[in-house]
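Student: build me a structure from this.
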Amino acid sequence: MFENPDSQQLISRLLQWLADEVWSPGTLYQAVMILLALAFGMLVYRVVRERLTGLIDNADLPIRVKLACNNLKSLVVPLVMLGVLFVISLIVSSGYAFLRVSLVTGVMKLLLAYMAIRIATQFISNVMARDFFALTMLLIAALSIFGILDDATIALDAMAFSMGQFHISALAVVKTILSLVVLLYLATFLSTFAERRVLKSKSLTRSSQVLVAKIVRIVLVTFALLIGVTSAGLDLSIFAVFSGAVGLGIGFGLQKVVSNLFSGLLLLLDKSIKPGDVIELEASATFGSVTHMGARYTEIITRSNKSFLIPNEDFITQRVINWSHGDRLIRIQVEFGLHYDSDPHEVIDIAVAAAKRPARVVATPEPICLLMEFGDSSLNFVLRFWITDAEAGVSNVQGQVMLSLWDAFKENGIQIPYPHREVYLHAAPSPAPSD
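Tutor: Here you go, the predicted model:
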């Protein structure tokens, strides 16, 4: 099953290379020169670091450029090392031709490659991805510069195992991992770019923009996975042996995830909920505006500035009130009761005028006040008015209208009844005379 490469030959070649290239006097004095150059570079960087930081901070540059310059200021160390080693190599090659400088030359090439890679990867905003790409390219450059890239490739290809007619090597695994990382990052970058372009489109509704952005991201990531696996030389039929058990396990494990994903797509397709809507979930008594619709959840910001991450499935299986579905015009009502001495006609006019005072109450449709009931101790009215910004709150505008009613009733001498209790004290009957 496992292929056993000629490990004895590999070990002997490694020991021979160490004896010829590393543990030789020519290599040791070159290592001393490299260490001296490193120490001098670190010393120079320590002296100029604060000055460079001040120059970058005071420069009139965009914030992204300043961040890149701060990341690149540590390149002073390899730059100084490169200059020192270049001078040393010139001196040695001109006056001491018998001395070897092959290791110094290789380190100089590696320093040039390191600086070029650091500069080239600054456009990657994700720190982890930037470090991964930089380290991978530097490792490949080092193997190529020192002439052991082919040997490393052969050694990785030799470490393999076979299962029937299928053959998997360590080289194929490394290529697959690198291809997947690169392609997934490119897919994420392109999907983010496409999402920004789609969200700026004025010809699409908000829900259509989110739907298109999600589909683009799913398609790009799927193609990245398929291309990454196949381009590395792995036959997808290898995984057919495990597809049954793994697929069953993934099906049960990701049941809720897939349900939430498709529920989110359904919500965007039927446009029942979209970013910017004001919704209320009766089951959880959650009221707020939709700010983000993700693959797994929808974010709702309440009036208390709390973020509720509601699974998309809940919007399909539970009762949801959309206050702004189709039309943002919302009717609100306030109920109140007044004393029977009040004139209902005058009360209606005063209430309508009071409802128009708050700025959030719209002029059209006009507020309306109705006499609803002759109660036990009051004339009961209902005042109805309209707003268009439910995301700014409902209770607060109700409170403003009620305060306006209170002020209007006080100005016109209209009384609001309240319960009265009358307590009668009766004298206790005198006891009957005893016989």
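Student: quick one, helices of the stretch 201-350 of the chain?
Tutor: 206-231, 240-253, 255-270, 312-317, 344-355 (DSSP state H, counting those that start in this stretch).
Student: out of these, which is closest to residue 131?
Tutor: Of all the helices of the stretch 201-350 of the chain, helix 206-231 sits nearest to residue 131, with 20.1 Å by C-beta to C-beta. C-beta here means a position set from N, CA and C on the backbone, and glycine is covered the same way.
Student: for the closest one, packing partners?
Tutor: Counting by 3 or more C-beta pairs under 8 Å, 6 or more residues apart in numbering; DSSP states H and E, the packing neighbours recorded for helix 206-231 are helix 170-199, helix 255-270.
Student: ok, now how distant is residue 404 from residue 227?
Tutor: Distance, residue 404 to residue 227, using C-beta to C-beta, to the nearest Å: 65 Å.
Student: who's more crowded, these two?
Tutor: residue 404 (20 against 14; other C-beta atoms under 10 Å).
Student: what helix or strand is that one located in?
Tutor: Applying DSSP states H and E as the criterion places residue 404 in helix 395-411.
Student: how much space between residue 179 and residue 295?
Tutor: Between residue 179 and residue 295 the computed distance is 24 Å (C-beta to C-beta).
Student: which of the two has more residues huddled nearby?
Tutor: residue 179 (20 against 14).
Student: pLDDT wise, what is the more buried one at?
Tutor: Looking at residue 179, its pLDDT reads 80.
Student: start the count at 25 instead of 1 going forward.
Tutor: Got it, the first residue is 25 from now on, which makes the last one we talked about residue 203.
Student: now it: closest residue in space, sequence neighbours ignored.
Tutor: Distances taken as C-beta to C-beta, 6 or more residues apart in numbering place residue 252 nearest to residue 203, at 4.1 Å, with adjacent residues excluded.
Student: please apply the same query to residue 177.
Tutor: Nearest residue to residue 177, sequence neighbours excluded (C-beta to C-beta, 6+ apart): residue 195, at 6.3 Å.
Student: can I assume the one you found is in contact with residue 176?
Tutor: No - if you go by C-beta atoms under 8 Å, residue 195 and residue 176 don't touch, sitting 9.1 Å apart.
Student: ok, residue 346 - contacts?
Tutor: Residues near residue 346 by C-beta atoms under 8 Å, 6 or more residues apart in numbering: 296-297, 301-303.
Student: of those residues, which pair is most distant in space?
Tutor: Greatest spatial distance among these (C-beta to C-beta): 296 and 302, at 13.3 Å.
Student: where does this structure have low pLDDT?
Tutor: Across the chain, the ranges flagged by pLDDT under 70 are 25-50, 117-124, 184-191, 226-232, 255-278, 350, 444-445, 452, 454, 456-459.
Student: show me the strands in it, by range?
Tutor: 184-187, 190-193, 302-305, 310-317, 321-326, 331-335, 344-346, 354-362, 392-398, 403-411 (DSSP state E).
Student: output these as TSV; include the columns distance to residue 381.
Tutor: Shown next, in TSV, are those (distance: least, C-beta to C-beta, whole Å):
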stretch	distance to residue 381
strand 184-187	81
strand 190-193	77
strand 302-305	24
strand 310-317	25
strand 321-326	27
strand 331-335	33
strand 344-346	28
strand 354-362	13
strand 392-398	14
strand 403-411	11
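Student: so which of those comes closest to residue 213?
Tutor: Closest to residue 213 of the strands of the chain is strand 310-317 (C-beta to C-beta; 20.3 Å).
Student: distance check, the residue nearest in space to the middle of the chain against residue 402.
Tutor: Ranked by distance to the mean C-alpha position of the chain (C-alpha atoms, centre = their mean), the top residue is residue 318 at 9.7 Å. The gap separating residue 318 from residue 402 is 51 Å, by C-beta to C-beta.
Student: in contact with the closest residue to residue 416 other than its chain neighbours, which residues?
Tutor: Spatial nearest neighbour of residue 416, excluding adjacent residues (C-beta to C-beta, 6+ apart): residue 384 at 6.9 Å. Residues near residue 384 by C-beta under 8 Å, 6+ apart: 411, 413, 416, 421, 424.
Student: what's near enough to touch the second one?
Tutor: So the one you mean is residue 413. Counted by C-beta under 8 Å, 6+ apart, residue 413 has contacts 352, 384.
Student: so what does it look like in phi/psi?
Tutor: Torsion angles at residue 413 (phi, psi; degrees, to the nearest 10) stand at phi -130, psi 60.
Student: from residue 280, how far out is it?
Tutor: Residue 413 sits 35 Å away from residue 280, taking C-beta to C-beta as the criterion.
Student: check residue 415 too.
Tutor: Taking C-beta to C-beta, one finds residue 415 at 29 Å from residue 280.
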